[in-house]
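> how does the following fold in three dimensions:
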Amino acid sequence: MYVRTTTRSYKGTTYVNYLLVESVSTPKGPRQRTICSLGNLSPRPAAEWLKLAQKVEDALVGQLTFEQEHTDPEVQEIVRRVQARQKRVRPPATTSAPDTAPADDLVTVHADQVRTQQAREAGPVQVAYSFWQRLGLDDILRRQGFSERAVRLTCAMTLARLIHPSSEHAMPNWIDRTALADLLGEDLTGLGVSSLYRNLDRLHDQRAAIEAALVAAEQTLFNVDRMVLFYDLTSTYFEGLAKKNPKAKRGYSRDKRSDCVQVVVGLVVNRDGFPMAHEIFEGNTQDRKSLAAMLDVLEQRAGPLQGRTIVIDRGMAFEENLEQLRARQMHYIVASRQSERLTWLAELEDAAGFTEIIRQPSPRNPGQKKSRVVVKQGLRDETKYVLCISDGRKAKDRAIREKQEGRLLADVAKLTQRVAEGALVKPEKIGEAIGRIKERYPRVARYYTLQYQALTKQVECLRNDDKRTVAEQLDGSYVLETDRLDLDLETAWRTYILLTRAEDAFRDMKSVLQTRPNFHQVERRVDTHIFLCMLAYHLLVAIEKTLLDQGIHTSWATIREALASHQLSTIVLPASNGWELHIRRSTVPEPEQQELYDLLGVSAELIKPKKTWVAPVGGAEHSD
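Below is the predicted model of the structure:
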């Protein structure tokens, strides 16, 4: 210890103060630490300052004799000041982390002042981030040249889409409310929308490579079957005109939003629902026109297609598409178009030869009833046909036909009234109106003859009962076509109905991941927005598949809700020495949450507990 002089001037007067200080070692070199202020040492001479400091140091460590303690009142006064200061403030023994102190885990606290702060939702984030790491997405992005910052941003954006889907404008607020920054080890406070948009632009050109690498990783982790694939399409609409996106066009809307422009999304999945490839088409693309382009994309991202079987719906069941599949040496299972059922009417009416198949309800839908279907084989030109009649589909077909028929007759009645009132006079205009009605209701218009009688000036609507009777006989029936002669009837049928895997993917992306509506107006950002939804869906399927392999039929939406209350927070313990001990750690999970963590193979300890000593206001911090 030694004495140091400090001076300050105030209103022309210079004041002198004397400090008792000591030298301490720090990682940055020696530093001075003030023990206490000595005030004005006068009249003691400066030559005795060092001796005074030595006496104080000896007194503090108990080396003064009894006579010395009672014969030097100035030393006693200084020692009293030092001891009083030590009671008010906990001075760290060294400048190293508190875990070097033997009693750091034993703290006397003011119980009525204990509090928690910075509570953040952590359960869903922990699971999603664990599966992000399990799929190796960090390494996949690094191999594509992404910086560490871009990797973290992509992870944050994907997890946001999976857990709390919203626009890029709302994403920073969600990130601030979660423990994502703790898990990523990245300070994401003050994240701007422009940073997120720039990251979307970085991802755009790397989408194909990332998707291909992800498909390869999933095959290794989950033993993904790539021999049977399912292809389907959906549409997603835009808010706004999207004039800067040439793909945004009006077309057949699966969302019942014909008033909005849209794009069409094609998706190929395997039998477990893992995405194999996706592509984005113009909004007016017909299903039948998309197959060739989709097969090219699939081959680039999932490898050679020879020998694989693809399942497609009747919208692509045209001969030119089947020829493309044969040319690529692929097998197929496809639902024939409605009109082709007529060629099998006699076989469908003959009850002989049908085999019954019972479809059990999904464990995720306990209210669902089991369904029954009967199948019979037909064989023409070395192609197997599976004739199917479904009890559940019979009622559905009848309801659809009756609904469409009612609407057609209502529109015909309105047209007839307009003609009778003279609102429509010209025959060509009336003919155009009749054509629009037929185009609007193609399913039932073929049962009616609609024409305008110029002589009577009336619209004539005649029902063809023979055609309508045939339609009733075909209710609930459909025909599958396949070149897989090795498949028995039940296997062929059960493989076809797995096409619902693609439908489930679209349903999850639109509801759980909220792909729609799309607020972006630029093509590359629209494409990348959909790509982020695909990345999130990869995580969703991986999570659900992990549970399904253990016989647990639980959806991601249920998991997300169950884990939402598991948090990460900071516990503040005001110690009796005037300092505060801040402990950043996760809460204890509920039994249901712990069970989910165990089933998913995810640690319930979100981060290693972090302890920090915080001095009174204006003081320093010491962390272990």
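> name the helices or strands packed onto the strand or helix carrying L581?
Assignment of secondary structure by DSSP states H and E places L581 within strand 580-586. Packing partners of strand 580-586 (3 or more Cβ pairs under 8 Å, 6 or more residues apart in numbering; DSSP states H and E): strand 567-574, strand 610-614. In short, each C-beta sits where N, CA and C put it, glycine included.
> would you format these as CSV with mean pLDDT and mean neighbour count included?
Shown next, in CSV, are the helices and strands packed on strand 580-586 (pLDDT from 0 to 100; neighbours: other Cβ atoms under 10 Å):
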stretch, mean pLDDT, mean neighbour count
strand 567-574, 92, 18
strand 610-614, 87, 18
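> make CSV out of these and add distance to Q550.
Below are the helices and strands packed on strand 580-586 laid out as CSV (distance: least, Cβ to Cβ, whole Å):
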stretch, distance to Q550
strand 567-574, 26
strand 610-614, 33
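> mean confidence for the strand holding L581?
Averaged across strand 580-586, pLDDT comes to 90.
> need the residues that contact it.
By Cβ atoms under 8 Å, 6 or more residues apart in numbering, the residues outside strand 580-586 that reach it are 107, 109, 118, 122, 182, 566-575, 604-607, 609-614.
> re the thing from before, any idea which of the helices and strands packed on strand 580-586 gets closest to L298?
Among these, the nearest to L298 by Cβ to Cβ is strand 567-574 (41.2 Å).
> and the angle from that closest one to strand 610-614?
Relative orientation of strand 567-574 versus strand 610-614 (axes from the mean of the first three to the mean of the last three Cα atoms, to 10 degrees): 30 degrees.
> any stretches of the stretch 451-600 of the chain with poor pLDDT?
Filtered on pLDDT under 70, the stretch 451-600 of the chain yields the residue ranges 517.
> that one: strands as residue ranges?
458-463, 477-482, 567-574, 580-586 (DSSP state E, counting those that start in this stretch).
> cool, and the stretch 1-150 of the chain?
2-10, 13-26, 29-39, 115-121.
> which one of these lies nearest to L424?
strand 115-121 (61.5 Å).
> that closest one: which residues count as buried?
Within strand 115-121, the residues scored as buried using 16 or more other Cβ atoms under 10 Å are 120-121.
> ok, stretch 490-503 next?
Result for stretch 490-503 [16+ other Cβ under 10 Å]: buried residues 492-493, 495-499, 501-502.
> out of the strands of the stretch 1-150 of the chain, which gets nearest to F274?
Using Cβ to Cβ as the measure, strand 115-121 is the one of these that comes nearest F274, at 27.5 Å.
> tell me the mean pLDDT over that closest one?
For strand 115-121, mean pLDDT is 91.
> note down every partner strand of the strand holding L581 and its orientation.
Strand 580-586 sits in its sheet next to strand 567-574 (antiparallel), strand 610-614 (antiparallel), going by DSSP bridges.
> now do that strand: distance to the chain's middle.
Averaging C-alpha positions (Cα atoms, centre = their mean, to the nearest Å) puts strand 580-586 30 Å from its chain's average.
> now T416, nearest residue through space, not along the chain?
Of all residues not flanking T416 in the chain, V459 sits nearest, at 4.7 Å (Cβ to Cβ, 6 or more residues apart in numbering).
> correct me if wrong: the one you found contacts A413.
No - counting by Cβ atoms under 8 Å, V459 does not reach A413; the two are 9.2 Å apart.
> have a look at the two and say which one is more surrounded.
More crowded of V459 and A413, by other Cβ atoms under 10 Å: V459, with 22 against 12.
> give the contact list for the residue most central in space within the chain.
Taking Cα atoms, centre = their mean, the centroid of the chain lies closest to L162, which sits 1.6 Å from it. L162 makes contact with 124, 128, 513, 536, 539-540, 556 under the criterion Cβ under 8 Å, 6+ apart.
> how far away is the nearest residue to it once chain neighbours are set aside from G283?
Counting by Cβ to Cβ, 6+ apart, L162 lies nearest to A536, which is 4.0 Å off, once chain neighbours are set aside. A536 sits 23 Å away from G283, going by Cβ to Cβ, to the nearest Å.
> which one of these two has more residues nearby?
Applying other Cβ under 10 Å to A536 and G283 shows that A536 carries more neighbours, namely 26 against 23.
> wait, a strand at I280?
Yes - applying DSSP: H, G, I helix; E, B strand; the rest coil, one finds I280 inside a strand.
> you'd agree V479 is up against L342?
No - counting by Cβ under 8 Å, V479 stays clear of L342, with 10.1 Å between them.
> so for these two, which sits in the more crowded spot?
The neighbour comparison of V479 against L342 (other Cβ under 10 Å) goes to V479, with 23 against 12.
> the more buried one and L487, how far apart?
Distance, V479 to L487, by Cβ to Cβ: 15 Å.
> how is the chain divided into domains?
Residue ranges for the domains of the chain, per automatic domain parsing: 2-88, 111-119+566-623, 123-205+555-561, 340-486.
> with distance to D259 as extra columns, can I get those in TSV?
Formatted as TSV, the domains of the chain follow (distance: least, Cβ to Cβ, whole Å):
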stretch	distance to D259
domain 2-88	66
domain 111-119+566-623	42
domain 123-205+555-561	21
domain 340-486	16
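> got a list of what L450 touches?
Taking Cβ under 8 Å, 6+ apart as the criterion, L450 is in contact with 412, 434, 437-438, 459-461.
> let's see it at 6 Å
For L450, the contacting residues are 434, 461, by Cβ atoms under 6 Å, 6 or more residues apart in numbering.
> where does it fall, helix, sheet strand or coil?
The local conformation at L450, judged by three-state DSSP, is strand.
> and it, bridged to which residues?
Beta-bridge partners of L450, as defined by DSSP bridges: C461.
> separation between it and L188?
63 Å.
> ok, S336 next?
Note on S336: its distance to L188, by Cβ to Cβ, is 53 Å.
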